[in-house]
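sequence first, then the predicted structure, then my questions.
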Amino acid sequence: MRKINLLFLSLMLVLITVLTSCDKKSPATPLPPTQASSIADTEVPAAIEAPTPEPTLPANEDPGALMPDPQPITFTTEDGTQISGYYYPGGKDPSPLVVFMHWMNGDQNDWNEVAVWLQNRGLENPFPNPGDLPWWDPSWFPAVPADRSYAVMVFSFRNCLPYRDGCQSVNKEGWLKDAQAAMLKAYELEGIDQTRITAIGSSIGADGAPYGCQKLNEMHPDACQGALSLSPGSYLGIPYEKTVKELGLNDPATAAWCLADQSEYFFCEIAESANNPAYQDFLIQDGSHGNMLLSPNLDPLPMQLILDFLSDSLQ
């Protein structure tokens, strides 16, 4: 009897297993024909991808412009002297270029803050400033128009040491060669507009800037559009008014702007006799000499006159 019961239980377990297996493999209940065809005919919409927005560049930036970081440059003068400096690319390709020439008390580092100010590309000065004089404090600089960006080149005259040690000896002929070679180097820089070059200088650089500008135009007519001088004084052995006259004989006349305080303004007044139709001069009361003109609270403000000069000569 016990064997019969065990046999019965075994048969029941087998039957339950078979029924469970069949239930798992049973096909799903088919949908009614109308409902099935309706689902089959419905197209599933493709996923909609949002368009990738175009990057927005500042008004003074061009997608093809060089990176803003200053690039070291070197060039060799007519007498074989090697000169070094930096090139700050502008925000467009090509960009107008400003070449700065320092005074005897300093070197290319005088222009550390001025360079990135005119470059107007959001770059902070990457170099240590030699001191706390006004031209190393950009907080008071007038705003460069948002749509303007200038390429800038700076260099040190021969025998002029960095960080306020200044020029160790006077070398008028050598500095003239440096100014000329600098402008020729400027003409070759990548990313600049070779028809929109200017020069700005202070003291010895104030005489070097128009001289170098004219020398560039003699080799590449109408390449240099003007020179602005802070306290010129015929320091390089060539009368300032003579260079202004030569600039005025170009066709069209090349701009020359002279800025000086009352103690040195007579150099600007003498240059009026050059009859350069593109010449302008400005008396800066109590402005002192050279780079000291790059100070706040002067009227007219030379830093604003620099912007006006660039706007006028590079329009």
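Okay, I see it.

and the residue lying closest to Phe141 once chain neighbours are set aside, what element?
Spatially, and ignoring its direct neighbours in sequence, Phe141 is nearest to Trp117 (5.2 Å; Cβ to Cβ, 6 or more residues apart in numbering). For the C-beta atoms, the positions are set from N, CA and C on the backbone; glycine is no exception. Assigned by DSSP states H and E, Trp117 belongs to helix 112-119.

which parts of that helix are buried?
Asn112, Glu113, Val114, Ala115, Val116, Trp117, Leu118, Gln119 (16 or more other Cβ atoms under 10 Å).

residue contacts, the residue nearest to Ser288 when sequence neighbours are not counted?
Nearest residue to Ser288, sequence neighbours excluded (Cβ to Cβ, 6+ apart): Asp261, at 5.9 Å. Applying Cβ atoms under 8 Å, 6 or more residues apart in numbering to Asp261 gives the contacts Ser231, Leu283, Ile284, Gln285, Asp286, Gly287, Ser288, His289, Leu293.

put the buried members of the residues you listed into a ChimeraX selection.
Listed next is the ChimeraX selection for buried residues among these, using 16+ other Cβ under 10 Å:
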select :231,284,287,289,293
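
wait, which of the contacts of Asp261 is closest to Asp165?
Sorting the contacts of Asp261 by distance to Asp165 puts His289 at the head of the list, at 18.4 Å, by Cβ to Cβ.

ok, that closest one to Val116 distance?
To Val116, His289 is 25 Å away according to Cβ to Cβ, to the nearest Å.

returning to what we had before: surely the residue nearest to Phe141 is in contact with Ala143?
No. Judged on Cβ atoms under 8 Å, Trp117 makes no contact with Ala143 at a distance of 9.3 Å.

thinking again about what came up before, and the residue nearest to Phe141, how far from Tyr88?
Taking Cβ to Cβ as the measure, Trp117 falls 10 Å from Tyr88.

before we move on, what about Met303?
Distance, Met303 to Tyr88, by Cβ to Cβ: 17 Å.

tally of neighbours for Gln82?
Neighbour count for Gln82, taken as other Cβ atoms under 10 Å: 10.

report the buried residues of the strand ranked longest in the chain.
Longest strand of the chain, by residue count under DSSP state E: strand 192-202. Residues of strand 192-202 classed as buried: Ile192, Asp193, Gln194, Arg196, Ile197, Thr198, Ala199, Ile200, Gly201, Ser202 (neighbour count, 16+ other Cβ under 10 Å).

check those against Ile73 and report the nearest one.
Nearest to Ile73 among those, counting by Cβ to Cβ, is Ile192 at 12.1 Å.

look up the pLDDT of that closest one for me, please.
Ile192 carries a pLDDT value of 98.

isn't it up against Val98?
No. Ile192 lies out of contact with Val98 (Cβ under 8 Å); the separation is 10.0 Å.

mind listing the shared neighbours of the two?
By Cβ under 8 Å, 6+ apart, Ile192 and Val98 have these common neighbours: Ala151.

helix or strand right after the helix holding Trp117?
Downstream of helix 112-119 (by DSSP H and E), the next one is strand 151-155.

that following strand pairs with which strands, and in what direction?
Sheet pairing for strand 151-155, assigned by DSSP bridges, gives strand 82-88 (antiparallel), strand 95-101 (parallel).

Glu269 and Gly226, how far apart?
Counting by Cβ to Cβ, the separation of Glu269 from Gly226 is 19 Å.

show me which of the two is the more surrounded one.
The neighbour comparison of Glu269 against Gly226 (other Cβ under 10 Å) goes to Gly226, with 26 against 13.

ok, that one to Leu247 distance?
Distance, Gly226 to Leu247, using Cβ to Cβ: 8 Å.

any residues in contact with both of those two?
Here Gly226 and Leu247 have Cys213, Thr254, Ala255, Ala256, Ala278 as joint contacts, going by Cβ under 8 Å, 6+ apart.

give me the number of residues near the second one?
Counted with other Cβ under 10 Å, the burial measure for Thr254 works out to 27 neighbours.
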